[in-house]
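**Student:** Here is my input; please provide its structure:
(one chain, ligands or ions: 1)
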Amino acid sequence: MVGKPERQVAVFGAGYIGLVTGACLAELGHRVVVRDIDPEKVALLRSGDVPIYEPGLGDMIARNKERLTFTLDLGETLDGAEIAYVCVDTPPSASGDADLSRIWSVVKSLEGATHLKAVVVKSTVPVGTGARVRAALDAAGLAHVGYAANPEFTAEGRAVTDFMRPDRIVIGASDEATAQLITDLHHGVEGPVVVMDVRSAEMVKLASNALLATKISFINEIATLCEKTGADVEEVARAVGLDHRLGPHFLRPGIGWGGSCFPKDSEALRQLASNTGYHLQLLSAVIEVNNLQKRRAIQQLKDELGTLAGMRVALLGLTFKPGTDDMREATSTVLASRLLAEGAEVRCWDPMARPGEVEPWVSTTRHATPEEAMAGADAAVVVTEWPQLKEVDWARAAAAMRRPVLFDGRNLLDPAGMRALGYTYMGVGRP
Ligand SMILES: NC(=O)c1ccc[n+]([C@@H]2O[C@H](COP(=O)([O-])OP(=O)(O)OC[C@H]3O[C@@H](n4cnc5c(N)ncnc54)[C@H](O)[C@@H]3O)[C@@H](O)[C@H]2O)c1
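**Tutor:** All right, here's what the predicted structure looks like:
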């Protein structure tokens, strides 16, 4: 690192965000100890393996092994640490609010770490969490330790690039020294730093995800209307996106958004509003449209096949998007559970989805290739737009199906071309 001091950083959580944060901070020249409570994960990392798939991450970890270590041990994590980065998961609780128990467990473990200069929360949290953490730190004799919210906007599948070249680095800090410390820590990252108060930084993260989800649900509603009026949503989205005030991003129609962030963060924002007595009407509709979008696909298949009972349906792609192994809240999980409930037989294919963390049906129904999954099927659904699907011999696959019904849930394929091959082709919002 040039020009700024190297720091000793403790990262809590070796998941998607903690690993990327730890590796990238090490790449920037800092000494980083990443702690997780999952012994299997830590053992894998210590043996040089990476427990998740994220492009470029494995190489970056290997390149920085002198400065980047992994441990279960709290003492080793905090030994000499100047900054504690909290990257633990914040899943939804039974009430829909974010479950902050892991955050509190980390904060509690910092008691006695009087040598820390700052505690930084990168996990996505409700507005007001920082104030509560601040109070807990004060009560634990850590009033001299700064606090910052530094939300992460990275997208899985391009998380390393996003960290090193972000659209912006948001730092919400209650004092200038902490804001400067965390700004300096990012020296070498190409992106503007935006400093603000803690609550606003927490809100930026939730508002950003909600707006992205809104754009997708919006174009999905337009897609439904296109189906009913004979317009082609692909043409509509292309032209709408050329308006510089709107832009082309997140205007891709499909069978609904999923993943570890959008569903949980939009629900958490909705609950945050409810807790203040305010009902976020637009966001509620955005969530509802998304839920419907997944179920509509099943109804369309049912309409085409007459019934789903006894039908064999191949799901092509399981992860919530290509380029990741993450199946959390993926559309495939909703489709599979609806299909199974209707009495259909599910088969599936995915090049990356991580077995073990997924629904039980995956291990028994997974095939090595899309063609294998489609053989003898009554319908196939493109759930995730993996580039491998472009390479499928669709003519051969159609011939091997019991009925060549294809629901292209990501508008990945050419409708006319697929129909010419004999498929009954259904896309999203295409005539
Ligand atoms: N995944 C994303 O794309 C993404 C993007 C932006 C923000 N976020 C947010 O970042 C946070 C982390 O997400 P993730 O996807 O990395 O989660 P994850 O589930 O992949 O990883 C969390 C890790 O924290 C570990 N952990 C739990 N309690 C711990 C403790 N007390 N000490 C140390 N480790 C502990 C878990 O074992 C797990 O390995 C969440 O708040 C999420 O909303 C995620």
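**Student:** OK, contacts around residue 236?
**Tutor:** 222, 226, 429 (Cβ atoms under 8 Å, 6 or more residues apart in numbering). (Each C-beta comes from the backbone N, C-alpha and C, glycine too.)
**Student:** Ignore what I typed, I meant residue 305.
**Tutor:** Counted by Cβ under 8 Å, 6+ apart, residue 305 has contacts 311, 378, 379, 403, 405.
**Student:** Next one: the closest residue in space to the fourth one that isn't next to it in sequence from the ligand, what distance?
**Tutor:** In space, and not counting its chain neighbours, residue 403 is closest to residue 378: 4.6 Å by Cβ to Cβ, 6 or more residues apart in numbering. Between residue 378 and the ligand the distance, using Cβ to the nearest ligand atom, to the nearest Å, works out to 35 Å.
**Student:** next one: residue 10
**Tutor:** Taking Cβ to the nearest ligand atom, one finds residue 10 at 10 Å from the ligand.
**Student:** What is the burial count for that residue?
**Tutor:** Residues lying near residue 10 (other Cβ atoms under 10 Å) number 29.
**Student:** likewise residue 222?
**Tutor:** Residue 222: 17 neighbours (other Cβ under 10 Å).
**Student:** Likewise for residue 431?
**Tutor:** 11.
**Student:** OK, contacts around it?
**Tutor:** With Cβ under 8 Å, 6+ apart, residue 431 has these contacts: 226, 227, 230, 231, 232.
**Student:** Please work out the average pLDDT along stretch 422-431.
**Tutor:** For stretch 422-431, the mean pLDDT works out to 96.
**Student:** for stretch 193-206, that is, sorry about that
**Tutor:** For stretch 193-206, mean pLDDT is 98.
**Student:** quick revisit: any chance of the contacts of residue 236 in CSV, plus distance to the ligand and secondary structure?
**Tutor:** What follows is the contacts of residue 236, written out as CSV (distance: Cβ to the nearest ligand atom, whole Å; DSSP: H, G, I helix; E, B strand; the rest coil):
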residue, distance to the ligand, secondary structure
222, 27, helix
226, 30, helix
429, 27, coil
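**Student:** Check which residues of stretch 285-295 are buried.
**Tutor:** 286, 287, 289, 290, 292, 293, 294 (16 or more other Cβ atoms under 10 Å).
**Student:** which residue sits closest to the first one, ignoring its sequence neighbours?
**Tutor:** Think residue 286. Spatial nearest neighbour of residue 286, chain neighbours left out: residue 217 (4.3 Å); criterion: Cβ to Cβ, 6+ apart.
**Student:** Any figure for the gap between the one you found and residue 40?
**Tutor:** As judged by Cβ to Cβ, to the nearest Å, residue 217 and residue 40 stand 37 Å apart.
**Student:** Have a look at the two and say which one is more surrounded.
**Tutor:** Neighbour totals were compared for residue 217 and residue 40, and residue 217 leads with 26 against 9 (other Cβ under 10 Å).
**Student:** quick one: secondary structure of the more buried one?
**Tutor:** Under DSSP: H, G, I helix; E, B strand; the rest coil, residue 217 falls in the helix class.
**Student:** Report pLDDT for it.
**Tutor:** On the pLDDT scale, residue 217 is placed at 98.
**Student:** Kindly report the same for residue 156.
**Tutor:** On the pLDDT scale, residue 156 is placed at 88.
**Student:** Can you report how many residues neighbour it?
**Tutor:** Residue 156: 24 surrounding residues under other Cβ under 10 Å.
**Student:** Surely it and residue 322 touch.
**Tutor:** No: if you go by Cβ atoms under 8 Å, residue 156 and residue 322 don't touch, sitting 10.1 Å apart.
**Student:** Would you tell me which residues of the protein are close to the ligand?
**Tutor:** Neighbours of the ligand within the chain, by Cβ under 6 Å from any ligand atom: 12-18, 35-38, 41, 87-90, 102, 105-106, 123-124, 152, 154, 156, 260-261.
**Student:** Show me those residues that map onto strands.
**Tutor:** Among these, the members found in strands (DSSP state E) are 12, 35.
**Student:** how much space between residue 79 and the ligand?
**Tutor:** Taking Cβ to the nearest ligand atom, one finds residue 79 at 16 Å from the ligand.
**Student:** what's the pLDDT at that residue?
**Tutor:** So residue 79 comes in at 96 (pLDDT).
**Student:** Quick one: residues contacting it.
**Tutor:** Listed by Cβ under 8 Å, 6+ apart, the contact set of residue 79 reads residue 33.
**Student:** Quick check: which ranges of this structure have low pLDDT?
**Tutor:** 1-3, 355-358 (pLDDT under 70).
**Student:** Can you give the domain ranges for it?
**Tutor:** Per automatic domain parsing, the domain ranges recorded for the chain read 8-196, 230-426.
**Student:** between those domains, which one is nearest to residue 202?
**Tutor:** Closest of these to residue 202 is domain 8-196, at 4.5 Å (criterion: Cβ to Cβ).
**Student:** From the chain's centroid, how far away is the closest one?
**Tutor:** 17 Å (Cα atoms, centre = their mean, to the nearest Å).
**Student:** gap between the two ends of that domain?
**Tutor:** Taking Cα to Cα, to the nearest Å, domain 8-196 runs 24 Å from one end to the other.
**Student:** Residues in contact with stretch 174-184: which ones?
**Tutor:** Under Cβ under 8 Å, 6+ apart, the answer for stretch 174-184 is 4-5, 83, 117-118, 120, 130, 134, 146-148, 150, 169, 171, 173, 193, 195, 197-198.
**Student:** Looking from the ligand, tell me which residue of the protein is nearest.
**Tutor:** The nearest approach of the chain to the ligand comes at residue 15, 1.7 Å away (Cβ to the nearest ligand atom).
**Student:** Report the contact partners of that residue.
**Tutor:** In this structure, residue 15 makes contact with 36, 52, 87, 88, 89, judged by Cβ under 8 Å, 6+ apart.
**Student:** Same list (the residues you listed) but as TSV, adding distance to residue 395 and neighbour count.
**Tutor:** Formatted as TSV, the contacts of residue 15 follow (distance: Cβ to Cβ, whole Å; neighbours: other Cβ atoms under 10 Å):
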residue	distance to residue 395	neighbour count
36	47	23
52	36	20
87	47	26
88	49	24
89	44	19
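**Student:** What's opposite residue 345 in the beta bridge?
**Tutor:** Counting by DSSP bridges, residue 345 is bridged to residue 312.
**Student:** That one and residue 309 touch, don't they?
**Tutor:** No: the pair residue 345 / residue 309 is not scored as a contact, 9.8 Å apart, by Cβ under 8 Å.
**Student:** if you count what's nearby, which of the two comes out ahead?
**Tutor:** With other Cβ under 10 Å as the criterion, residue 345 and residue 309 differ in neighbour count, and residue 345 comes out ahead with 17 against 11.
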